[in-house]
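Participant: A predicted structure for the sequence below; I have some questions about it.
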Amino acid sequence: MTSGTVDRRQLFEEVVTMLVEVMGEEVRLAVDLTPQTTFEQDLGIESIEMVAFGEHLRNRFGEHVDLNDFIAAMDLDQLIGMTLGQLVEYVAGRLDRSPA
């Protein structure tokens, strides 16, 4: 793959689908899921849900998409403010760099 080949809109929808699988359908009713939606403040995601979500990402996109690595590089403020859009950009970047 070459840089920029991942469809961000489609990827966002896949990520949201996985998030709903982990957190439950009610999250769609409670929160307007946009790229600006934060995991901590808007979603209130629990640590166990984050682990399960990371597993969904890895199962769908491969070992090179590692949520733990992504969040390990953040300081506390960045982690608290992490958005769906930032995660989608991380995943897209990893997919763009992965071998075809």
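Facilitator: Received it, and whenever you're ready, just let me know what you need. The model shown is predicted, which means the values in this text are computed figures rather than measured ones.

Participant: Give me the pLDDT for the residue nearest the centre of the chain.
Facilitator: In the chain, the centroid-proximal residue (CA atoms, centre = their mean) is Leu87; its distance is 4.1 Å. Leu87 carries a pLDDT score of 97 in this model.

Participant: Disregarding flanking residues, what is the spatial nearest neighbour of it?
Facilitator: Spatial nearest neighbour of Leu87, chain neighbours left out: Val15 (6.4 Å); criterion: CB to CB, 6 or more residues apart in numbering. C-beta: built from backbone N, CA, C; applies to glycine.

Participant: dump the residue contacts of the one you found.
Facilitator: Each residue near Val15 by CB atoms under 8 Å, 6 or more residues apart in numbering is listed here: Leu57, Leu84, Leu87, Val88, Val91.

Participant: Same check on Leu87?
Facilitator: Taking CB under 8 Å, 6+ apart as the contact definition, Leu87 lies against Val15, Phe39, Leu67, Phe70.

Participant: The first one in helix, strand or coil?
Facilitator: Secondary structure for Val15, judged by DSSP: H, G, I helix; E, B strand; the rest coil, is helix.

Participant: show me where the protein has helices.
Facilitator: Using DSSP state H, the helices of the chain run over 8-23, 26-30, 47-61, 67-72, 76-80, 84-97.

Participant: got the angle between the first one and helix 84-97?
Facilitator: Comparing the axes of helix 8-23 and helix 84-97 via axes from the mean of the first three to the mean of the last three CA atoms, to 10 degrees yields an angle of 120 degrees.
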